[in-house]
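**Q** with the input below, show me the fold.
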Amino acid sequence: MSIRFDGQVVIVTGAGAGLGRSHALQFAARGAKVVVNDFGGARDGTGGSTAAADAVVKEIEAAGGEAMANGADVSDFSSVQAMVDQVMAKWGRIDVLLANAGILRDKSFAKMDMPDFEKVIDVHLIGTANCARAVWPVMRDQNYGRLVFTTSSSGMYGNFGQANYGAAKTGMIGLMNVLQIEGDKYGITVNTLSPTAVTRMTEELFSGPAKDLLTPETISPGVLFLASKEGPKRTILCAGGGCFARTYLHETEGVILTGDELSPEGVAAHFDEISDMKGAKALQGAFEQTYKYAQKAEAAHAAKE
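**A** Okay, the predicted model is just below:
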């Protein structure tokens with residue numbers, strides 16, 4: 001199987017450097033027309049310039065590809081919609097959205113000002129939703145689309161000083177789950193990538209061999225797979241240094257408590273059983289959990305009669 005993107009149009013946000021730049025270059029190398037979106041701000045989101053996006057476009061064009069630069073701020077829906085309108089006017093379709101744009105404003109929660117919390121949510125989570133909402137009608141009309149959101153282990157597993165970032169990144173998993181259900185009948189798949197790489201966002205965290213091994217280029221192959229016609233759906237793909245893994249959300253089988261056991265003490269007494277991973281499943285929708293609980297309650301009620 002050869003994965004190609006000939007004739008497809010791909011939007012990559014935050015594509016002026018680091019992971020986004022690598023993704024954009026690799027999409028272009030496999031035939032895609034690429035929209036290189038980058039607001040061009042500093043790591044904390046201040047400032048702004050299209051210079052970085054313009055430079056990546058020049059790289060793609062020098063290699064024989066097609067690309068256009070865009071400086072929309074993803075946290076501003078009207079700017080994102082204008083970008084989508086510009087792309088449609090030029091190329092007439094949008095096949096892939098890779099939401100990668102992000103900023104950092106790290107502090108311990110006790111010291112974090114709420115404007116810094118809100119700004120990180122705005123760029124990462126609201127920015128991802130803005131981009132997805134703007135391309136959604138296009139993908140529905142063409143009965144095809146691939147969305148890839150950029151989540152993080154900081155949200156799934158926790159990381160000191162990143163309450164804002166972790167909350168935003170984990171929110172993308174919830175957005176993926178719902179949009180996949182809504183996009184199924186329109187040929188739209190939604191996935192998330194959890195990358196670990198040395199970029200301007202993380203460079204001070206690494207030293208030694210890891211700094212040379214955890215490059216953006218080792219992650220982009222996973223992105224291209226997720227965004228391909230052959231790719232999966234509703235997947236959390238983790239990547240770094242050429243290593244790829246998958247994170248699942250599972251729910252244990254659980255227990256039903258009735259009578260006197262339906263109490264805080266009953267929950268405490270059965271907590272090991274409640275936590276037992278034997279028979280745990282990755283549920284495919286909220287009502288799957290609801291039905292499970294209802295069935296257990298009904299069975300317990302019938303057994304008492």
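**Q** which residues in the stretch 1-150 of the chain form helices?
**A** With DSSP state H, counting those that start in this stretch, the ranges of helices along the stretch 1-150 of the chain come out as 18-29, 51-62, 77-91, 114-121, 127-142.
**Q** hey, where'd the strands end up in this protein?
**A** With DSSP state E as the criterion, the chain has strands at 9-13, 33-37, 66-70, 96-99, 145-150, 188-195, 236-240, 243-247.
**Q** so for residue 87, which of those strands sits nearest?
**A** strand 33-37 (5.5 Å; CB to CB). No exception for glycine: its C-beta is placed from N, CA and C like everyone else's.
**Q** list the helices and strands the closest one packs on?
**A** For strand 33-37, the elements it packs on are strand 9-13, helix 18-29, helix 51-62, strand 66-70, helix 77-91, judged by 3 or more CB pairs under 8 Å, 6 or more residues apart in numbering; DSSP states H and E.
**Q** mind listing what's buried along the third one?
**A** For helix 51-62, burial by neighbour count (16 or more other CB atoms under 10 Å) applies to 52, 53, 54, 56, 57, 60.
**Q** can you name the residues that contact the fifth one?
**A** Residues near residue 57 by CB atoms under 8 Å, 6 or more residues apart in numbering: 36, 67, 68, 69.
**Q** re earlier: just name the most buried of the helices of the stretch 1-150 of the chain.
**A** Using mean count of other CB atoms under 10 Å, the stretch among the helices of the stretch 1-150 of the chain with the largest mean neighbour count is helix 18-29, at a mean of 26.
**Q** can you show me the CA trace of it as PDB?
**A** C-alpha atoms of helix 18-29 as PDB (Å, rounded to 0.1, in the frame of the first residue of the first chain):
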ATOM      1  CA  GLY A  18       8.400  22.400  14.300                       C
ATOM      2  CA  LEU A  19       5.800  19.700  14.000                       C
ATOM      3  CA  GLY A  20       3.500  21.600  11.600                       C
ATOM      4  CA  ARG A  21       6.300  22.400   9.200                       C
ATOM      5  CA  SER A  22       7.400  18.800   9.100                       C
ATOM      6  CA  HIS A  23       3.800  17.700   8.500                       C
ATOM      7  CA  ALA A  24       3.300  20.200   5.700                       C
ATOM      8  CA  LEU A  25       6.500  19.200   3.900                       C
ATOM      9  CA  GLN A  26       5.700  15.500   4.100                       C
ATOM     10  CA  PHE A  27       2.100  16.000   2.800                       C
ATOM     11  CA  ALA A  28       3.500  18.100  -0.100                       C
ATOM     12  CA  ALA A  29       6.100  15.500  -0.900                       C
END
